[in-house]
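Participant: pasted the sequence and its predicted model underneath.
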Amino acid sequence: MLYGPFTQCLPMTGLPLHGSLTDDQLPVIDEAGILIKNGRVLEIGAYAELLEAFPEEQRISISDKRLVAFPAFVDCHTHICWGGTRVHDYAMRVAGKSYLEIAKAGGGIMDSVRSTREASEEELVSVILDHVQEHLKRGIGTIEVKSGYGLSVDAELTMLRAIKTANEQTPATLIPTFLGAHLKPSDFDGSAREYLEMLIRDVVPIIKEENLASRADIFVEEGAFSVEDADWYAKEMQELGFEMTMHVDQFTTGGAELAVSLGCVSADHLEQTQKVAALRFGNSDTVAVALPGASLGLGMQFTPGRTLLDNDACLAIATDWNPGSAPMGDLVTQASILGASEKLTIAETLAGITYRAGYALREDMGTIEKEKEAKIVVFEADDYRSIFYRQGQLRPHCTLIGSEYVIYE
Ligand code: NIG
Ligand code: FE
């Protein structure tokens, strides 16, 4: 099937993984066509040339309007599996209580843990699918999803099983991450280290047996896990074959340098990261993941994206969609706002939600390329820059995944 013509198509190929990017580095194919066979991209190029080369091919014209095509976006950090709501946390926060104060008073993550434990696996599947549907409508085709609101053997496994089941029921790709180390739950009788030992002893073998996740995360923070405990846990988990990612430097520093030194696939948050630590990302394969949704949700400063890129980091941008710190869940809006605030070029912002986010997941995705699965988002526009200029208010016309495409009214 030959799709097109697209006024512009941005395949996001041939670009560097690290460092700053200018808009004129972006490959832009004008009047483009994309040939798709069995859900894979067979050819991508000038529409007129493809018409000539494949005269028999069925032509699919998505719309009469001018269209811009991008790789479907990648959200490499979310917590979209949860029970209950934290609307009261939000009200308390805007009335002046801090995130850590609310957590210490028994609200925060533990509140979501209580509600998530009460939800059945089916209910969690349905919550995930609702969130995934919202993401698909906004052009996101790949979504990382963390556990971490169960924090007991059974409840963590229920979350991971729900993510697996949801993945089988959606055209989006869900990538699970085990976040049993989100917090030591208030009902665990023992130290933080004993809790982490329990996860490794009692949860990890079942995760492996049921093939529920190959990535793991830990929240390194005052009130969560110390740098020393995270160091120990990450090494144990890496030994067991897990790729590690970490929540670091959100409120206090120290975690980012640990994540880089351990070769984590990504270090996420980084709102407090100072220049010395930012420098370390340049020579490492650890992706720096900015989560502007958490800055917006908590009314805090943004991750220093400009400094990170200027120091040659691979910078990805993700929503952190969760019921507490980041309830918005709108990737393009958040990436555009981060870009405006941190002075990121459109190319840098776009890279951060496509192939660089794919790299944070160690998945070769976020490009439109020959032989790869077709995952494409299409906007009615005549200039790719307008997607960011409109800061998320220009919604996709359709998303194409594999051999199917869904048009949004
Ligand atoms: O990434 N920082 C830790 N964890 C989540 C928040 C989870 C919550 O508030 O429920 C985050 O911001
Ligand atoms: Fe998070």
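Facilitator: Sure thing, it's come through. Because the structure is a prediction, the values reported are computed rather than measured. Ligands and ions are numbered 1, 2, ... in the order given.
Participant: just checking, G263 touches S284?
Facilitator: Yes. Using C-beta atoms under 8 Å, G263 is in contact with S284, at 7.4 Å. Using the backbone N, CA and C atoms, a C-beta is placed for each residue, glycine as well.
Participant: who has more neighbours out of the two?
Facilitator: S284 (18 against 13; other C-beta atoms under 10 Å).
Participant: pretty sure the more buried one contacts E257?
Facilitator: No. With contacts counted by C-beta under 8 Å, S284 stays clear of E257, the gap being 10.4 Å.
Participant: T142: what's it in contact with?
Facilitator: Applying C-beta atoms under 8 Å, 6 or more residues apart in numbering to T142 gives the contacts 72-76, 172-173, 175, 357-358, 361, 363, 365-366, 375.
Participant: so which bits of the stretch 101-250 of the chain are right by ligand 1?
Facilitator: 108-109, 112, 219, 247, 250 (C-beta under 6 Å from any ligand atom).
Participant: domain ranges for the chain, per the record?
Facilitator: Using automatic domain parsing, the domains assigned to the chain come out as 2-71+366-407, 74-360.
Participant: and the shortest one, how far from the chain's centre?
Facilitator: I take that to be domain 2-71+366-407. Here domain 2-71+366-407 shows a centroid-to-chain-centroid distance of 21 Å under the convention C-alpha atoms, centre = their mean, to the nearest Å.
Participant: for ligand 1, what is the nearest residue in the stretch 301-409 of the chain?
Facilitator: In the stretch 301-409 of the chain, the residue that lies nearest ligand 1 is G324 (2.4 Å; C-beta to the nearest ligand atom).
Participant: what about the strands in the stretch 301-409 of the chain?
Facilitator: Secondary structure of the stretch 301-409 of the chain, counting by DSSP state E, counting those that start in this stretch: strands at 315-317, 375-380, 398-401, 404-407.
Participant: which residues of the stretch 301-409 of the chain fall in helices?
Facilitator: Here the stretch 301-409 of the chain has its helices, by DSSP state H, counting those that start in this stretch, at 305-310, 331-342, 346-352, 355-360, 386-389.
Participant: the third one packs against which elements?
Facilitator: Yep, that's helix 346-352 we're talking about. In terms of contact count using 3 or more C-beta pairs under 8 Å, 6 or more residues apart in numbering; DSSP states H and E, helix 346-352 is assigned the packing partners helix 305-310, strand 315-317, helix 331-342, helix 386-389.
Participant: mind checking which of those is nearest G293?
Facilitator: Nearest of those to G293, taken as C-beta to C-beta: helix 331-342 at 4.8 Å.
Participant: so does the closest one get close to ligand 1?
Facilitator: No. For helix 331-342, no contact with ligand 1 is found by C-beta under 6 Å from any ligand atom; the gap never falls below 13.0 Å.
Participant: interface residues of the stretch 251-400 of the chain facing ligand 1?
Facilitator: Within the stretch 251-400 of the chain, the positions adjacent to ligand 1 are 294, 320, 322-326 by C-beta under 6 Å from any ligand atom.
Participant: low-confidence regions, the stretch 51-200 of the chain specifically.
Facilitator: Low-confidence segments of the stretch 51-200 of the chain (pLDDT under 70): none present.
Participant: what are the ranges of the helices in it?
Facilitator: 87-94, 99-104, 109-118, 121-137, 153-168, 192-198.
Participant: buried ones in the first one?
Facilitator: This points to helix 87-94. With burial defined by 16 or more other C-beta atoms under 10 Å, the residues of helix 87-94 counted as buried are 89-90, 92-93.
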